[in-house]
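Participant: just a sequence and a predicted model for now, questions to come.
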Amino acid sequence: MRQALLEYDYDWNMQRVFDQGSRSLDGTRKEFERARSRFPTMGTVMDLFYQYEDVGRAMTKGAAKYISNIVTARQDGRKVALTTFCMSPALCYAMDVVPLLIEPITAVGNLSRKYGMGEFMDYCLEIGFAETACSAQRGAMGAYLGGAAQKPDFVLCNMSGICDTNTSAFAFAAEALDLPLFQCNFPPQMRGERADAYHRADYRAMIDFMAEQTGKPLDSAKLRGVLEEIQKQDELIVEMQDYQRMIPSPIPTTFNLFMYLLRFLFGGTEDGTKTLEEMLKVIRKNVKEGKPGNRFGEEKARALFVYTDHYGGGLPLWNFLDSRGITHLGCIADRFYQQAAPYVKDGEGYTVDAADLDSMIDTMAALNCRMPMVKQIRGPYDAPDMWLDEIRAQRELYNPDFAVYMGTPGCRNTWGMVKLLAKQLEKEGLPTLIINADVFDERVESWSMTQARFEEFLDVRRIGI
Ligand code: SF4
């Protein structure tokens with residue numbers, strides 16, 4: 001790794017960027033412009049945050065605090081768990097552990113660093129990690145493996161049985177950093193007596209593992225507090241996803257990104273609830289005024305992202321959609337399976353039950369085994385509760401004009417079935433675009449090439465023109 005990358009810790013660096021970014025929203029427009037000029041690589045992102053000032057403030061302040069906790073964990077006497085975005089961080093908050101979620105930390109680096117996360121990704125390869133691994137994990141993990149960030153204390157993995165590249169990334173990190181590892185396993189079925197019993201037993205085993213690492217047992221009062229926040233967040237998210245059904249959709253294009261970041265980073269915290277409340281104020285105002293959420297001012301088309309978004313520098317995907325009046329109807333990373341969510345079928349979701357410690361742990365186990373990706377791509381793509389099934393349910397509710405698949409080349413699970421999915425959706429009358437880019441690594445395909453493919457698809461299929 002270049003010496004320059006070791007000069008300032010990556011997580012410290014991100015903390016400073018978010019802290020300064022959030023402060024810039026506290027000043028006047030003139031002060032903001034001045035601060036903006038000091039962050040040349042963050043300009044478009046800062047504009048998106050400034051546009052919805054209170055939302056931007058809540059989001060960036062929450063993110064700055066989240067990253068600060070990682071940086072100061074050791075001096076505060078707290079343990080850091082290196083973990084994946086598809087593990088709900090709520091249990092960590094209940095156990096006073098700092099969750100270090102690699103994928104969102106890779107995404108924020110991409111949004112704010114001039115050259116993205118390429119060098120950290122490459123460092124993983126230098127020490128033996130597979131090039132074909134998921135770049136979301138290979139990104140920020142490079143900084144932790146290379147000693148350019150706070151060393152975590154243990155590793156929690158939440159994809160075993162579903163995503164081999166995610167699982168092996170965490171096993172690799174545990175080995176390389178010589179850390180204790182716990183892997184939550186998932187049987188191919190999501191529901192049923194045996195699957196439920198497995199999820200619960202495995203989740204309890206993880207709690208025991210964490211208690212052993214921290215020396216502190218699970219505190220039921222803290223868990224109840226976290227679940228109360230989750231309950232509030234669920235209600236707010238369900239309301240938002242209900243509004244998303246309206247034509248035109250009143251949801252600003254970037255709000256899906258915020259939902260992705262906040263539920264993964266602040267699930268079960270007051271910061272998450274506060275950000276969602278601010279988002280809803282903007283949405284309810286649009287509903288009242290009958291306005292579309294996009295900045296174009298008119299809804300020309302509606303896009304359903306059947307996998308991830310694109311986290312390139314400066315958020316080009318969101319700017320592109322806004323510039324064409326295309327509504328973002330969500331991707332799989334911002335779908336959570338509260339039983340009340342509009343796209344959830346009977347018995348498929350979880351409900352919060354905080355009656356006693358047992359029921360609270362069961363709630364967390366049910367939530368955890370329904371996290372994005374864990375839920376959608378665990379079994380055959382057309383099995384009940386799985387990918388095709390879910391996309392069909394969303395299509396019926398949200399009326400998309402087209403569907404888009406984007407991901408990472410490392411994502412063999414979806415690449416293995418995406419053509420089947422696209423073929424089936426096309427057969428059912430939904431134009432579907434497959435993008436070959438790596439959404440975390442623009443060196444694989446530049447955004448301008450991705451955009452050209454997008455435009456070609458929209459022109460050829462006569463969508464939104
Ligand atoms: S399912 Fe794909 S995008 Fe998700 S963690 Fe695995 S490889 Fe990465």
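Facilitator: Ah, there it is.
Participant: relative to the ligand, how far out is the residue nearest the centre of the chain?
Facilitator: Nearest residue to the geometric centre of the chain (CA atoms, centre = their mean): Tyr260, 4.0 Å. Tyr260 sits 13 Å away from the ligand, going by CB to the nearest ligand atom, to the nearest Å. To be clear about C-beta, it is placed using only N, CA and C from the backbone, and glycine gets the same treatment.
Participant: which residues does whatever residue of the stretch 201-350 of the chain ends up closest to the ligand contact?
Facilitator: In the stretch 201-350 of the chain, the residue that lies nearest the ligand is Thr308 (6.2 Å; CB to the nearest ligand atom). For Thr308, the contacting residues are Cys331, Ile332, Ala333, Met406, Gly407, Thr408, Val439, by CB atoms under 8 Å, 6 or more residues apart in numbering.
Participant: just checking, the fifth one touches Phe440?
Facilitator: No - here Gly407 lies out of contact with Phe440, judged by CB atoms under 8 Å, at a distance of 9.6 Å.
Participant: so which of the two has more stuff around it?
Facilitator: Higher neighbour count among Gly407 and Phe440: Phe440, with 29 against 25, using other CB atoms under 10 Å.
Participant: just checking, what packs against the helix or strand of the chain with the lowest mean pLDDT?
Facilitator: When each helix and strand of the chain is scored by mean pLDDT, DSSP states H and E, helix 43-51 comes last, with a mean of 81. If you count contacts as 3 or more CB pairs under 8 Å, 6 or more residues apart in numbering; DSSP states H and E, helix 43-51 packs onto helix 10-24, helix 29-38, helix 53-76, helix 316-324.
Participant: what parts of the protein come near the ligand?
Facilitator: Within reach of the ligand by CB under 6 Å from any ligand atom, the chain has these residues: Cys134, Ala136, Cys163, Thr165, Asn166, Met373, Ile377, Gly407, Thr408, Gly410, Cys411, Asn413.
Participant: so which of these comes closest to Leu265?
Facilitator: Ala136 (14.4 Å; CB to CB).
Participant: residues in contact with that closest one?
Facilitator: Phe85, Ile102, Glu103, Thr106, Ala107, Thr408, Phe440.
Participant: try 6 Å
Facilitator: Glu103, Thr106, Phe440 (CB atoms under 6 Å, 6 or more residues apart in numbering).
Participant: pretty sure the second one sits against Arg138.
Facilitator: If I follow you right, that is Thr106. No - when contacts are counted by CB atoms under 6 Å, Thr106 is not listed as touching Arg138 (8.0 Å).
Participant: now, which of the residues of the chain next to the ligand lie within helices?
Facilitator: Taking DSSP state H, the ones among these that sit in helices are Ala136, Thr165, Asn166, Asn413.
Participant: now the first one, nearest residue through space, not along the chain?
Facilitator: It stands for Ala136. Spatially, and ignoring its direct neighbours in sequence, Ala136 is nearest to Glu103 (4.2 Å; CB to CB, 6 or more residues apart in numbering).
Participant: that neighbour is in contact with Phe85, isn't it?
Facilitator: Yes - Glu103 is within contact range of Phe85, at 3.9 Å (criterion: CB under 6 Å).
Participant: return the alpha-carbon coordinates of stretch 60-76 using CSV.
Facilitator: C-alpha atoms of stretch 60-76 as CSV (Å, rounded to 0.1, in the frame of the first residue of the first chain):
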residue,chain,number,x,y,z
THR,A,60,-24.6,13.7,7.8
LYS,A,61,-24.5,14.3,11.6
GLY,A,62,-25.7,10.8,12.2
ALA,A,63,-23.0,9.4,9.8
ALA,A,64,-20.3,11.6,11.4
LYS,A,65,-21.2,10.3,14.8
TYR,A,66,-21.3,6.7,13.5
ILE,A,67,-17.8,6.9,12.1
SER,A,68,-16.6,8.8,15.2
ASN,A,69,-17.6,5.8,17.3
ILE,A,70,-15.4,3.6,15.3
VAL,A,71,-12.5,5.9,15.6
THR,A,72,-12.8,6.4,19.3
ALA,A,73,-14.1,3.0,20.3
ARG,A,74,-10.8,1.9,21.9
GLN,A,75,-10.4,5.0,24.0
ASP,A,76,-14.1,4.7,25.1
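Participant: distance from the chain centre to that stretch, please.
Facilitator: 18 Å (CA atoms, centre = their mean, to the nearest Å).
Participant: same question, stretch 279-297
Facilitator: On CA atoms, centre = their mean, the centre of stretch 279-297 falls 23 Å from that of its chain.
Participant: tabulate the helices and strands packed on helix 43-51 in TSV, adding columns for mean pLDDT and mean neighbour count.
Facilitator: Putting the helices and strands packed on helix 43-51 into TSV (pLDDT from 0 to 100; neighbours: other CB atoms under 10 Å) gives the following:
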stretch	mean pLDDT	mean neighbour count
helix 10-24	86	21
helix 29-38	84	13
helix 53-76	90	20
helix 316-324	93	19
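Participant: what about Cys92, distance to the ligand?
Facilitator: From Cys92 to the ligand the distance is 19 Å (CB to the nearest ligand atom).
Participant: contacting residues for Asp209?
Facilitator: One thing to correct before we go on: residue 209 is Phe, not Asp. Contacts for Phe209 (CB under 6 Å, 6+ apart) come out as Phe182.
Participant: again with Arg200
Facilitator: By CB under 6 Å, 6+ apart, the neighbours of Arg200 are Asp362, Ala365.
Participant: state the phi and psi torsions of it.
Facilitator: Note on Arg200: backbone dihedrals following degrees, to the nearest 10 are phi -70, psi -50.
Participant: what are the ranges of the strands in the stretch 151-300 of the chain?
Facilitator: 154-160, 181-185 (DSSP state E, counting those that start in this stretch).
Participant: turn the ones you listed into JSON lines, columns for mean pLDDT.
Facilitator: Output for the strands of the stretch 151-300 of the chain, formatted as JSON lines (pLDDT from 0 to 100):
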{"stretch": "strand 154-160", "mean pLDDT": "94"}
{"stretch": "strand 181-185", "mean pLDDT": "96"}
